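1. show me the folded form of this:
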Amino acid sequence: MEWVALITLLIGSVLGVRFRVFILLPAILATMAVITVGALVQGAGIGTISVMNVIGAACLQFGYLGGVLLWSRTSSQRLDETGRPHPVRPFTS
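-> As a prediction, this is how the structure comes out:
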């Protein structure tokens with residue numbers, strides 16, 4: 001179960017740096033499918049599979065949060081050609 005937590009934390013942090021929050025639902029569903037298949041291959045019971053899925057989903061979300069915080073810390077100091085920080089344009093749809 002430690003490997004599930006570690007791997008999903010890393011995947012979540014990569015997703016947090018790269019994508020918006022809407023990627024979390026498909027990522028959680030894909031993670032649950034992979035964890036369930038892997039646990040069934042190993043012969044785990046339904047309780048173990050459920051716990052692993054909850055841990056995987058939670059760690060994916062915590063990793064995403066960490067990736068977003070990392071991205072916001074590194075990208076907030078954008079400089080213009082004079083070396084002064086300039087405001088970042090707001091999100092437009």
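2. how many residues are close by residue 30?
-> 12 (other C-beta atoms under 10 Å). Placement of C-beta: from N, CA and C, glycine included.
3. the one 3 residues further on too?
-> Residues near residue 33, counting by other C-beta under 10 Å, number 11.
4. hang on, it in a helix?
-> Yes - with DSSP: H, G, I helix; E, B strand; the rest coil as the criterion, residue 33 is assigned to a helix.
5. tell me what the strand or helix carrying residue 48 is packed against?
-> Residue 48 belongs to helix 46-75 when assigned by DSSP states H and E. In this structure, helix 46-75 makes packing contacts with helix 2-18, helix 24-42, judged by 3 or more C-beta pairs under 8 Å, 6 or more residues apart in numbering; DSSP states H and E.
6. what average pLDDT does the first one get?
-> This points to helix 2-18. For helix 2-18, mean pLDDT is 89.
7. equivalent analysis for stretch 41-61, please.
-> Mean predicted confidence for stretch 41-61 is 94.
8. now do the buried residues in that stretch.
-> Taking 16 or more other C-beta atoms under 10 Å as the neighbour-count basis, stretch 41-61 is seen to contain the buried residues 44, 49, 52, 53, 55, 56, 57, 59, 60, 61.
9. circling back: can you say which of the helices and strands packed on helix 46-75 is nearest to residue 67?
-> Of all the helices and strands packed on helix 46-75, helix 2-18 sits nearest to residue 67, with 2.3 Å by C-beta to C-beta.
10. next, the angle helix 24-42 makes with that closest one.
-> Helix 2-18 runs at 160 degrees relative to helix 24-42, counting by axes from the mean of the first three to the mean of the last three C-alpha atoms, to 10 degrees.
11. just checking, what packs against helix 2-18?
-> Contacting helix 2-18 under the criterion 3+ C-beta pairs under 8 Å, 6+ apart are the following elements: helix 24-42, helix 46-75.
12. what does the shortest one rub up against?
-> What that stands for is helix 24-42. Applying C-beta atoms under 8 Å, 6 or more residues apart in numbering, the external contacts of helix 24-42 come out as 4, 8, 11-12, 15, 48-49, 52-53, 56-57, 60-61, 64.
13. please apply the same query to stretch 58-69.
-> Stretch 58-69 is contacted from outside by 4-6, 8-18, 21, 24, 27-28, 31, using C-beta under 8 Å, 6+ apart.
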